[in-house]
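Enquirer: One predicted model, sequence on top.
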Amino acid sequence: MRITALGLVVLLATASTAVLGSPETEATYSRYHQAIEAARLCRDLTFDQGDIDRMAGVIHAKIGHDIGAKRLSLLTQAQRDAAALVESQGCEGGEVEALLGLYDAELAPVVN
């Protein structure tokens, strides 16, 4: 069976939309990145590339695959959202505490 270049593009685009376009997946991905940003801001943490790679591994295991082309926009929006929460609620605010709890439970164990 021979697949043309156009056919391959259509096949990949269809498969990517089915797997990567899930709102639940995007929300989970964003939530983890909000948790990282909240921990960075509230605890004055810095992460090296190894930390970032290990946290990415945890996130990708939770969502089951790569997030695709929206990755950068979701990540930057999550960082902005977390910064706004920290600014408005402080680090003891309920939503911020929930993000810090997520960070502590699932991401902090892989950070050196």
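Expert: Structure's in. What do you need?

Enquirer: As a check, name the ranges of all helices in this structure.
Expert: Remark: helices assigned in the chain by DSSP state H are 5-20, 23-43, 49-63, 71-89, 94-102.

Enquirer: now the residue nearest the centre of the chain, nearest residue through space, not along the chain?
Expert: Central residue of the chain (CA atoms, centre = their mean): residue 29, 3.3 Å from the mean position. Distances taken as CB to CB, 6 or more residues apart in numbering place residue 67 nearest to residue 29, at 5.0 Å, with adjacent residues excluded. Heads up, the C-betas are built off the backbone N, CA and C, glycines and all.

Enquirer: My guess is that neighbour contacts residue 26. True?
Expert: Yes. Residue 67 lies in contact with residue 26 (CB atoms under 8 Å); the separation is 6.8 Å.

Enquirer: So, low pLDDT: which residues of the protein?
Expert: The chain contains residues with pLDDT under 70 at 1-21.

Enquirer: Give me the distance between residue 67 and residue 78.
Expert: The gap separating residue 67 from residue 78 is 11 Å, by CB to CB, to the nearest Å.

Enquirer: Likewise for residue 94?
Expert: Look at residue 94 and residue 78: by CB to CB, they are 18 Å apart.

Enquirer: Tell me which of these two has more neighbours.
Expert: Each of residue 94 and residue 78 has its neighbours counted (other CB atoms under 10 Å); residue 78 has more, 23 against 9.

Enquirer: Need the residues touching each of residue 67 and residue 26.
Expert: Counting by CB atoms under 8 Å, 6 or more residues apart in numbering, the shared contacts of residue 67 and residue 26 are residue 74.

Enquirer: Enumerate every residue touching residue 104.
Expert: The contact partners of residue 104, by CB under 8 Å, 6+ apart, come to residue 39.

Enquirer: can you check residue 31 too?
Expert: Contacts of residue 31 by CB under 8 Å, 6+ apart are 78, 99, 102.
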